[in-house]
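Novice: Quick one, fold the following:
(2 chains)
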Amino acid sequence: AQSVTQLDSQVPVFEEAPVELRCNYSSSVSVYLFWYVQYPNQGLQLLLKYLSGSTLVKGINGFEAEFNKSQTSFHLRKPSVHISDTAEYFCAVSDDSWGKLQFGAGTQVVVTP
Amino acid sequence: EAQVTQNPRYLITVTGKKLTVTCSQNMNHEYMSWYRQDPGLGLRQIYYSMNVEVTDKGDVPEGYKVSRKEKRNFPLILESPSPNQTSLYFCASSSSGNEQFFGPGTRLTVL
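Specialist: Numbering: from 1, shown residues only, chains lettered A, B, ... in the order given. The predicted structure follows:
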């Protein structure tokens, strides 16, 4: 069975500083990887996804992630955060590009001026 | 506008009183799913449906039922809710080759 580990439950960061959110997964088969963002009192919005091809994936709002198969990681990065990036971020893995998602516990990002 | 809708958005009920949370999508997606979100646990899948009349259990199905009589609708039924089902519930839908789209969530409190 797949599992997803998000190593940080909360990440405080100053505005305009870079941020990295760590995600590791365990799977013995090919995987599809996703990052979702949940703004306060809202549903989940897809930030980016890795299905195949280039291991560096660019998403919305200036976020990017790198798929590292040897380290089974899919870390999310943004070079300069804004106050509006305050949200909870979820890493997820799936056996296919559209089916069941296995989520990590989430990382709460708090951006302060 | 392509979307997944859920109703109600907020619900407070008492133990044992049957309730239904509706989910509807207008994207003609085959796959629909229900998740529950709890602090520190992320989202866990309750039930899913690959198409009309095809449903199956996810990771945490106990205490829940679903049905898929029409492609667009996938209601979640709690026959006898208990306090441990207090949670934030999300419906999602997708089609082959595309990522899942999530509804806005339903916050359920069972007293």
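
Novice: Is B:P61 in a helix, a strand, or coil?
Specialist: Of the three states, B:P61 takes coil according to DSSP: H, G, I helix; E, B strand; the rest coil.

Novice: wait, doesn't it sit right on B:Y47?
Specialist: Yes: using C-beta atoms under 8 Å, B:P61 is in contact with B:Y47, at 5.8 Å. Glycine gets a C-beta too; all of them are placed from N, C-alpha and C.

Novice: contacting residues for A:W35?
Specialist: Neighbour list for A:W35: A:21, A:23, A:46-49, A:59, A:63, A:65, A:74, A:76, A:89-92 [criterion: C-beta atoms under 8 Å, 6 or more residues apart in numbering or on different chains].

Novice: To which secondary structure element is it assigned?
Specialist: Per DSSP states H and E: A:W35 is located in strand A:32-38.

Novice: next SSE after that strand?
Specialist: Later in the chain than strand A:32-38, the nearest helix or strand by DSSP H and E is strand A:44-50.

Novice: And that following strand, what's buried?
Specialist: Residues A:L44, A:L46, A:L47, A:L48, A:K49, A:Y50 are the ones in strand A:44-50 that count as buried (16 or more other C-beta atoms under 10 Å in any protein chain shown).

Novice: for it, packing partners?
Specialist: The contact analysis (3 or more C-beta pairs under 8 Å, 6 or more residues apart in numbering or on different chains; DSSP states H and E) places strand A:44-50 against strand A:32-38, strand A:56-58, strand A:64-68, strand A:73-78.

Novice: What pairs with the third one, parallel or antiparallel?
Specialist: Note on strand A:64-68: by DSSP bridges, its sheet partners are strand A:56-58 (antiparallel), strand A:73-78 (antiparallel).

Novice: what's the most buried one of the ones you listed?
Specialist: Comparing those by mean neighbour count (mean count of other C-beta atoms under 10 Å in any protein chain shown), strand A:73-78 ranks first with a mean of 21.

Novice: Just the residues contacting that one, thanks.
Specialist: The contact list for strand A:73-78 (C-beta under 8 Å, 6+ apart) reads A:18-25, A:33, A:35, A:47-48, A:50, A:61-68, A:85, A:89, A:91, A:93.

Novice: Excluding chain neighbours, what is closest to A:A17?
Specialist: In space, and not counting its chain neighbours, A:A17 is closest to A:V81: 6.3 Å by C-beta to C-beta, 6 or more residues apart in numbering or on different chains.
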